[in-house]
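S.K.: coords please:
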Amino acid sequence: MSMRFDAQINRVDAANKNVGNAVSFMQTKDGFLQKIGKALDRMSELATLALDMTKTDGDRSLYNQEFSMLGRYIEEVGAKDYNGVSLFNDASYAVTTDSEGSMFVPAVVLVAGQASYAAAYGASLSSTGSAMAAVESVKGAISQLASDRAKVGASIVMLNSTSSQLSLLKDNLMSANSRIKDVDVAEESTQYAKYNILVQAGMAMLAQANASPQAALKLLNG
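M.R.: Okay, the predicted model is just below:
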């Protein structure tokens, strides 16, 4: 039983490390999404400024330079990875959540190639009409971002709760294993004192028993 407990404790510990790595993975993903959010906020502002009737198409082309650079940044974020594992693609990466091999799949978020984001970073401010379309595209991307961050946040909460549960399970398993393998110091100390007294009493009685014949011999010889 103790050996089974030892093995399960090791599996629980390993699963908790996997969950911790998954939390870091998802937090990194959320950090990049926050950066995308700031880029979209600025793109939304630039697109709205481009709608100003007092601006010429030449002015709009200046706005478009920054708008395009921010769009390129969003597109490049879609290629980011974490320790060689892509942060933003349509692959499902499962993480072990207990000692029996149960799995949990955190939120999947796609940036490059995702329709709402692609519409935003593919928009232009070259004219009033294109600027109007850009405003709508960026608004759609912001809505998509809100949904994606909500899913990522929910996954982080789930993973953190799982980590706490695994830590508690490990403590309980170690406690149960300790009751099997470890000595009860108080009880053993009491038993030691008891048997020590009995041994000393026995030795004293033996010594007394050996002394009596010697005394008798002395009397006879005297």
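S.K.: just the strands in this structure please.
M.R.: 81-82, 85-86, 95-96, 103-104 (DSSP state E).
S.K.: for M158, which of those is the nearest?
M.R.: Nearest to M158 among the strands of the chain is strand 103-104; the distance by C-beta to C-beta comes to 6.7 Å. In short, each C-beta sits where N, CA and C put it, glycine included.
S.K.: hmm, back to that, output the strands of the chain as TSV; include the columns distance to V23.
M.R.: Formatted as TSV, these follow (distance: least, C-beta to C-beta, whole Å):
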stretch	distance to V23
strand 81-82	12
strand 85-86	14
strand 95-96	9
strand 103-104	12
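S.K.: any idea which of those strands is most buried?
M.R.: Of the strands of the chain, the one with the most neighbours on average (mean count of other C-beta atoms under 10 Å) is strand 95-96, at a mean of 20.
S.K.: model confidence over it, on average?
M.R.: What strand 95-96 shows for mean pLDDT is 93.
S.K.: could you name the helices and strands sitting against it?
M.R.: Counting contacts by 3 or more C-beta pairs under 8 Å, 6 or more residues apart in numbering; DSSP states H and E, strand 95-96 packs against helix 2-49, strand 103-104.
S.K.: and with 6 Å instead?
M.R.: Using 3 or more C-beta pairs under 6 Å, 6 or more residues apart in numbering; DSSP states H and E as the contact test, the elements touching strand 95-96 are helix 2-49.
S.K.: mind checking the strands of the chain for the one nearest to Q27?
M.R.: The closest of the strands of the chain to Q27 is strand 81-82. By C-beta to C-beta, the value is 9.8 Å.
S.K.: show me how far that closest one is from its chain's centre.
M.R.: What separates the centre of strand 81-82 from the centre of its chain is 16 Å, taken as C-alpha atoms, centre = their mean, to the nearest Å.
S.K.: any idea of the mean pLDDT in it?
M.R.: 94.
S.K.: which residues touch it?
M.R.: By C-beta atoms under 6 Å, 6 or more residues apart in numbering, the surrounding residues in contact with strand 81-82 are F25, T28, L87.
S.K.: and the residues you listed, which of them are buried?
M.R.: The neighbour-count test (16 or more other C-beta atoms under 10 Å) marks F25, L87 as buried among those.
S.K.: and the contacts of strand 81-82, which is closest to Y121?
M.R.: Of all these, Y121 sits closest to L87, with 17.0 Å by C-beta to C-beta.
S.K.: which other helices and strands contact the helix ranked longest in the chain?
M.R.: The longest helix of the chain (DSSP state H) is helix 128-181. Helices and strands touching helix 128-181, as assessed by 3+ C-beta pairs under 6 Å, 6+ apart, comprise helix 2-49, helix 115-121.
S.K.: looking at those, which is closest to D148?
M.R.: So among the helices and strands packed on helix 128-181, helix 2-49 is nearest, using C-beta to C-beta, at 6.1 Å.
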